[in-house]
Each structure stands twice: as structure tokens, then as C-alpha cells.
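Participant: Need the 3D shape of this:
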Amino acid sequence: MKRIMFIAALSIFMLACQLQRNVGEVVNETKNDNFVIAFGSCNKTDIENRLWDDVLAAEPNIWIWGGDNIYADTEDMQLLRKMYVGQNQVPAYAALRGKIPIIGTWDDHDYGLNDGGVEFGAKDESQQEFLDFMGVSKESPRRFRKGVYASHDYKTKKGTIKVLVLDTRYFRTALTPDNETKKRTKPNLYGEGTVLGEEQWQWLENQLTGSKADFNIIVSSIQVLSNEHGFECWGNFPHEVDRLKQVIAYSRANGVIVLSGDRHISEFSRTTIKNLPYPLIDFTSSGLTHAYKDFSGEPNPFRVGEVVFTESFGLLHFDFESKEVQFQIVGDNGRILQQIQQSY
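Facilitator: The predicted structure is shown next:
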């Protein structure tokens, strides 16, 4: 009888450990000495996602949702919950959830309001539904603070990675419509408005300044560098872009990389920052189930390579010994659509 009780207790303990790993807040070790991140955004539950098997085949250590994980656009929490449950029941995604930790952020369509920000009335209720979808414990501190931003730390035998997931919705103030051109928005006056809000800014500064990780990944649902297309981006708040660059440079954090989504296209953007010994790369991966198939071009002064406008997800391969990262845009059947490599 005692043996049966011991086995039962051990099973419960192992299950609890697995649930904690699925939250993704702290993982002490990984299956490989190096590390692979897979991420993507813009996923409609009523369209077949043909990429989940390719994500699994890549054997990533984690999957990161970049936002628009479902398309709800609603204040009805029952409808929002139903769509999250539906996504979790997709067989190929369920298989992924059963194998690796899932983390991420939201964007406007799963937040609940198209192009929405601080003004969205149901954001607190929506936050709890999002945290349920992410498998976050009811006792987690994330349940009791404003916004879905979070820090996740991963350790291998050769190095460590910190993932800082930002919330670019909860605190974001009003955009400025562009009534003079065909673009949807234009930059606010310099100093006017915020993307992150002061509390989240202080958190980000503390996380980066105190980081000893070999690589530090910042997840933003909207693009940070590309700033001339007229849709949502950090460029609508140019002072916030400057502040982010300053925070990264002054923190002296190793290997800071930005991952973004939202745009239904995938591309690499890169820039240099004063006092930063490596370039800042913004890797946009967007369009898991639907992409901007009619894309005909748009300016991006920071672009590296070409725009990919078919369904895809992003892969990052980290080599701790060489301090190199390989960035890949991956399409159906594991086809590499574009890639770059960067040393840090």
C-alpha cells in the first residue's frame, strides 16, 4: 500500500513539474546544449495551419506566440474563451504543446480590439483569458499585475537565454491618423504617448540591466525598426524607439534580438546603435495561416534581404560557443524561404 501511495505521489510531482515547464517562466535545462526558438503570429482558428508539423520537425526548445494568436476582436469573454479552447484542441498544435513549453504575447485581435490600446474596456478580463491560454498558474504574480509582459529564463550546459515578452497593447496610448496620405497612421509628435507605459519600461530596464544571459530576446507584437509603412509599429512613437535603443545600449546586455509579428509578412530589419557592439536585428515573422499575398512593396530603410509574403514561421538557432545566431524564415514542408546569420 505504501508503495502504491509513493508511486502516486511521485506521479503527481512529475505532472506538477511538467505543468510548471509548460508555463515557461523558468526552465533549468534543455534537451540540447545549444538552443532553438520557433515563433510566429497571425493565426486564424477557422483556417488550417499547415505549419505545425514543420514546427515540430524543427525540434525547437520553445514556441513563442508573437500575437494575433486567435482572431476574436470581442469584449465577449465567453466567445474569447471558446476560441482559445478551439485553438488548444487543434490536434497538431496540441501535439506541440505536449512536447515543448509555450510562451508569448498578444496583439490587437486576441487582445480584443482592432488597433486597440489602453482604451479597451475589457482588457483586464481579456488578460485572464490569455493567461489561461498560456497555461499560467492561478497563483502566478502575472495574474495580479497589469499587462501580460513576462520574463522567461532558459539554461543549457553551454549557455543561457532570457526571453522578455512585452505587452504593446495594455498601456499603449492613442495613434495619430494620417489624413493626408493613403497611410493609416503617422508618427505622433516626438514625446507624445507611450507604447509600454512607465511601469513596464522600468521592468524592462531592470531585466536587461541585470541580465547575465548569453542572449536576450525581446518579443514585441508590433515591428520595432520598420517605420514607414503607415500601419502600427513602434515608429508611431519615435521617442519610444529612441528610448528602447538607449536602454539596450546602456544595459550592456549580451546579444539583444527583437522578435515581432502583426504584418502578415516576414522580413529581417537591422540597424546599428551607438555604444552597442553588435547590430540590433528585428526579425518579423507574421502570417501562420494567412499572409499578405497581394504585397507589392513598401519602404523599410532597415530591411535585409527580401520580404516574404507567404505563410511562414521563424526559427532561431543559437550557438553558445561561436556566439552566432542563424535566423530562418520557414514555410510549408520545412522550406527555408530566407535566412541570415549574425555573430555577437
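Participant: hang on, Gly193 is in a helix, isn't it?
Facilitator: No. Per DSSP: H, G, I helix; E, B strand; the rest coil, Gly193 lies outside any helix segment and is coil.
Participant: Can you give me the pLDDT of it?
Facilitator: Here the pLDDT value assigned to Gly193 is 98.
Participant: List the residues that contact it.
Facilitator: By CB atoms under 8 Å, 6 or more residues apart in numbering, the contact list for Gly193 reads Arg172, Thr173, Ala174, Asn236, Phe237, Glu240. (Glycine included, C-beta is placed from N, CA and C.)
Participant: Can you say which of those residues are buried?
Facilitator: Arg172, Asn236, Phe237, Glu240 (16 or more other CB atoms under 10 Å).
Participant: Among these, which one sits closest to Pro277?
Facilitator: Distances from Pro277 to these, taken as CB to CB, are shortest for Glu240 (23.2 Å).
Participant: What strand or helix carries the closest one?
Facilitator: helix 238-251 (DSSP states H and E).
Participant: Going by neighbour count, list what's buried in that helix.
Facilitator: Neighbour counts using 16+ other CB under 10 Å place Pro238, His239, Glu240, Val241, Arg243, Leu244, Lys245, Val247, Ile248, Ala249, Ser251 of helix 238-251 among the buried residues.
Participant: same thing with stretch 86-105?
Facilitator: Gln87, Val90, Ala92, Tyr93, Leu96, Arg97, Ile100, Pro101, Ile102, Ile103, Gly104, Thr105.
Participant: Farthest pair within those residues?
Facilitator: Applying CB to CB across the buried residues of stretch 86-105, the maximum distance is between Ala92 and Thr105, 21.7 Å.
Participant: Can you say which helix or strand has Val258 in it?
Facilitator: Using DSSP H and E, Val258 sits within strand 256-260.
Participant: which residues touch that strand?
Facilitator: With CB under 8 Å, 6+ apart as the contact definition, strand 256-260 has outside contacts at 37, 39, 64, 66, 208, 215-225, 248, 276, 280-286, 314, 316, 325.
Participant: Tell me which of these fall in helices.
Facilitator: Counting by DSSP state H, the part of the contacts of strand 256-260 found in helices is Leu208, Ile248.
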